[in-house]
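**Q** just need the structure, nothing else, for what follows:
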Amino acid sequence: MTLRALTLMLPLILSAPSLAAELELRRSGSSYANGDPIWVLQLRDGGQVQDQWQAVASAKRHQQLDRRWSPGNGSPLPKGTYRVGAPEPWGADLWLQLDPLFPTSRSALGIHNCYPGIGCICIPDRQELSDLADAVRRYNVTRLKVVD
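**A** I've put the predicted structure just below:
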């Protein structure tokens, strides 16, 4: 490759999403009026937050339950890293499959539109779920880290 060709490609390379883009789920410290905690789902690329969405990861009464138990007690997802599947149609909504990359008996986990969310990651706003799906495709996101 010539120096001129590399110089022309450099802006494209620098603006392209990295291969290390991932989602990160954490508690926001805020709650809805009914007491359900608000979580934040962030898209991080190269350590920088590129976008974020308000999420629900279980009702207030389920927050302290065992997060690794199954067939499901409605608790938030266990802390750890998950493989994120490509967004796919799920009835009138979208579904992003989540596969834990650690031992757990939890299954059938995903990101989708719902409220209240129990056991999965709920994006209450359908347009925000669509925006999230577009970002997952654009950044080639394949990992989610549940921080707390």
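
**Q** residue boundaries of the strands in the chain?
**A** 22-31, 37-45, 48-55, 80-84, 88-90, 93-100, 109-112, 121-122, 143-146 (DSSP state E).

**Q** so the longest one versus strand 37-45, what angle?
**A** In terms of direction (axes from the mean of the first three to the mean of the last three Cα atoms, to 10 degrees), strand 22-31 departs from strand 37-45 by 150 degrees.

**Q** now the fourth one
**A** Inter-element angle recorded for strand 80-84 and strand 37-45: 70 degrees (by the same axes, to 10 degrees).

**Q** sorry, back to before: just the strands of the chain: most buried one?
**A** Across the strands of the chain, the average number of neighbours (mean count of other Cβ atoms under 10 Å) peaks for strand 121-122, which reaches a mean of 25. C-beta: built from backbone N, CA, C; applies to glycine.

**Q** now do the same contact list for the spatially most central residue of the chain.
**A** Centroid-nearest residue in the chain: Leu23, 4.8 Å away (criterion: Cα atoms, centre = their mean). Applying Cβ atoms under 8 Å, 6 or more residues apart in numbering to Leu23 gives the contacts 41-44, 84, 136, 141, 143-145.

**Q** go again with 10 Å.
**A** Going by Cβ atoms under 10 Å, 6 or more residues apart in numbering, Leu23 touches 41-44, 51-53, 82, 84, 96, 98, 111, 121, 132, 135-136, 139, 141-146.

**Q** how about Pro87?
**A** 94-97, 111-112, 129-130, 132-137, 141.
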